[in-house]
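Chemist: Sequence first, then the predicted structure:
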Amino acid sequence: MLIALATVYDLQIHQMDVKTAFLNGDLEEEIYMEQPESFVVPGKENKMCKLVKSLYGLKQAPKQWHEKFDQTMLANGFKINECDKCVYIKDTQNHQVIVCLYADDMLVINRDICDINATKRIFESKFDMKDLGVADVILGIRIHRTPQGLALLQSHYIEKVLDKFKDMQFGIAKTPLDVNFALRKNEGESDSQLEYARVLGCLMYIMNSTRSDIACAISKLSWYTSNPNKTHWMAMKRVLGYLKYTQNYALHYNKYPAVLEGYSDANWITGSNEVKSTSGYVFTIGGGAVSWKSSKQTCITRSTIESEFITLDKADEEAEWLRNFLEDIPYWPKPMAPVCIHCDSQAVTGRAGSMMYNSKSLHIRRRHNTVKKLLSSGIITTDYVKSKDNVSDPLTKGLSRKGVERTSKGMSLRPRTSQHCVPGMVGGMLLHCKSLRRFEHNDGWIKALLEEAENERMHLMTFMEVSKPKWADEAHHRYVNHFASVVGLWHFGWSSILLQVTEKVMANKDTKLVVTNQIGSLGNENVGSNEEIQKLRQQMIEMHRAWANGFPPPPFPDDNLEYLSSLPPVSHA
């Protein structure tokens, strides 16, 4: 969620790591240990050591470290988010900093790099820290910069998982669940139960991090962890095959819409072996999913409307938590608007605000009262949406390939390939080249811009080396390699660099996706008086006109679209 907020409000995300974090905790209890081997004091072999600081392996080590970190944050003007004790916020007149801690991994989020550096200095004065710069990979999730915002990708982790379990011999699957295939309880002997749980654990981490599209499949497979059979293994292999087919899918966040909204859905008992319905909900910010869940309901429902209403109640609980979490975020507008939850049952949306009760709904009256209270207090609102537009649909049942693609798009879960990845990162480097001209007499600005350009280069090179994209051809690959190395070896000869880029662009017409995506950023008349910049700009515009009819540019920000729309139409001879 914090990454989605950073996208919406155009915040910078930096990453830090605490070295030997658990050793920083102060012990409250008296704990003794044997003298370590090779450190036994002569003549005191029977003596014990009293621990002064926490050690790895102690059950209270994580708790003591977290309390130590809490004390440090509170002493420096931060407050703890009441809904998530690992999120810290400093909100003063001139400073709005968000810090997120997960064990020893840390994200520092702010709009101003000076505030980020000041926060880093606080940590470095108290703990042994490692500054990782702009966040790249956090908890196995890669953060990519795109022209529209940010994207979260786990293709490198999925590749490791697929390689780890390659002996299972799974193929390619275009959907995570077979629509016509039902799982049943195994009454016979278990088939590799420990290995089943091992594979399921890896898939569950992927699902919880970025891949909401496999949530229903993982939920159903989890029902049979204690005693799986070959049928369950076949379903497991299908999920692996689907991840292989969609390995480069990423969760995209844009700057709009800057609103929190949810979707809920339920699938009533559909098979003779099922006695409980399945609930699913998803919440989005900036067009991308930030919270989702697929689970079996805890009670037996008598009708579709009951199962839908119970799901709405669960979605309301999550909406209330998310709303309370956002109340402590300084960037989120106050007062907060109600969270709109879309449901594909008109009966449920009608009953939610109704005062009527009857004997058929007495057993769900408590849930009805909870939903009604949240509605009347302005915390949530409900809205009807057609089933085909309900993006939580795949969290309750299997869908066709067309349905999976449609709902994944609704959650901003879509492919992240080399054609989409390169334009944004190369565009960032071009923007830094352009900006340097304006501040070439200011050493501080030059240093900052060079650091940002180096970060862009690292993102580009990491993508090329790790993700192994299938480039259009070798010329395209050489062009991007050259661009990355030139920016990395910057020696303040910015005009000569752009001249080299111009030559490479002209020599490799396979880079049209890269070039057309950058015309808007170079379309500003205030780019600079340098002759080479103007030449580059003019050549790019001419190349775009030449390709206009045959190769439409990929999507990019509105200001670029406005600029491109002002260009005169081109007709080919």
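Modeler: Sure thing, it's come through. Fair warning: this is a prediction, and the values are worked out from it, not measured in the lab.

Chemist: Can you give me every residue that contacts Asp178?
Modeler: Ala235, Arg238, Gly398 (CB atoms under 8 Å, 6 or more residues apart in numbering). (Glycine included, C-beta is placed from N, CA and C.)

Chemist: ok, and the most crowded of those residues?
Modeler: For the contacts of Asp178, the largest number of neighbours (other CB atoms under 10 Å) sits with Arg238, at 23 neighbours.

Chemist: The closest residue to Asp17 other than its chain neighbours: how many residues sit nearby?
Modeler: With sequence-adjacent residues excluded and distances taken as CB to CB, 6 or more residues apart in numbering, Asp17 is closest to Lys130, at 4.3 Å. Residues near Lys130, counting by other CB under 10 Å, number 12.

Chemist: give me phi/psi at Lys130?
Modeler: For Lys130, the backbone dihedrals (degrees, to the nearest 10) come out as phi -120, psi 120.

Chemist: any idea how this protein splits into domains?
Modeler: Split into domains by the TED database, the chain comes to 1-136, 152-414.

Chemist: and those domains, which is most packed in?
Modeler: Of all the domains of the chain, domain 152-414 has the most neighbours on average by mean count of other CB atoms under 10 Å, namely a mean of 18.

Chemist: Quick one: end-to-end distance for that domain.
Modeler: One end of domain 152-414 sits 11 Å from the other (CA to CA, to the nearest Å).

Chemist: for stretch 80-89, same thing?
Modeler: Counting by CA to CA, you get 6 Å between the two ends of stretch 80-89.

Chemist: Quick one: mean pLDDT over it.
Modeler: Computed over stretch 80-89, the mean pLDDT rounds to 93.

Chemist: Touching it from outside, list them.
Modeler: With CB under 8 Å, 6+ apart, stretch 80-89 has contacts from 2, 66, 70, 73-74, 78-79, 96-102, 321, 324-325, 328-330.

Chemist: wait, what's in contact with Ile310?
Modeler: Residues near Ile310 by CB under 8 Å, 6+ apart: Ala266, Ser277, Ser279, Gln297, Cys299, Thr301, Ile364, Arg367.

Chemist: mind checking pLDDT for it?
Modeler: What the model reports for Ile310 is a pLDDT of 87.

Chemist: what's the answer for Ala118, then?
Modeler: 92.

Chemist: Helix or strand: which one has it?
Modeler: helix 113-126 (DSSP states H and E).

Chemist: who does that helix touch, helix- and strand-wise?
Modeler: In terms of contacts (3 or more CB pairs under 8 Å, 6 or more residues apart in numbering; DSSP states H and E), helix 113-126 is packed against strand 12-18, helix 61-75, strand 96-102, strand 105-110, strand 129-134.

Chemist: Just the C-alpha atoms of the first one, please, in PDB.
Modeler: This file holds the C-alpha atoms of strand 12-18, laid out as PDB (Å, rounded to 0.1, in the frame of the first residue of the first chain):
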ATOM      1  CA  GLN A  12      10.700   8.900  -3.500                       C
ATOM      2  CA  ILE A  13      11.400   5.500  -2.000                       C
ATOM      3  CA  HIS A  14      14.800   4.700  -0.500                       C
ATOM      4  CA  GLN A  15      15.900   1.500   1.100                       C
ATOM      5  CA  MET A  16      18.100   0.700   4.100                       C
ATOM      6  CA  ASP A  17      19.200  -2.500   5.900                       C
ATOM      7  CA  VAL A  18      20.000  -2.800   9.600                       C
END
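
Chemist: Give me the angle between it and strand 129-134.
Modeler: Angle, strand 12-18 to strand 129-134, by axes from the mean of the first three to the mean of the last three CA atoms, to 10 degrees: 150 degrees.

Chemist: Now do the same contact list for the residue nearest to Asp17.
Modeler: Met16, Asp17, Val18, Lys19.

Chemist: Next: Phe165.
Modeler: Val199, Cys202, Leu240.

Chemist: got it, and Gly288?
Modeler: Ala4, Leu251, His252, Tyr253, Asn254, Met411, Ser412, Leu413.

Chemist: tell me the secondary structure for the fourth one?
Modeler: The three-state assignment at Tyr253 reads strand, by DSSP: H, G, I helix; E, B strand; the rest coil.

Chemist: lowest average confidence, helix or strand, in this structure?
Modeler: helix 512-518 (a mean of 35; mean pLDDT, DSSP states H and E).

Chemist: okay but Ser307 is in contact with Thr301, surely?
Modeler: Yes: with contacts counted by CB atoms under 8 Å, Ser307 reaches Thr301, the gap being 4.3 Å.
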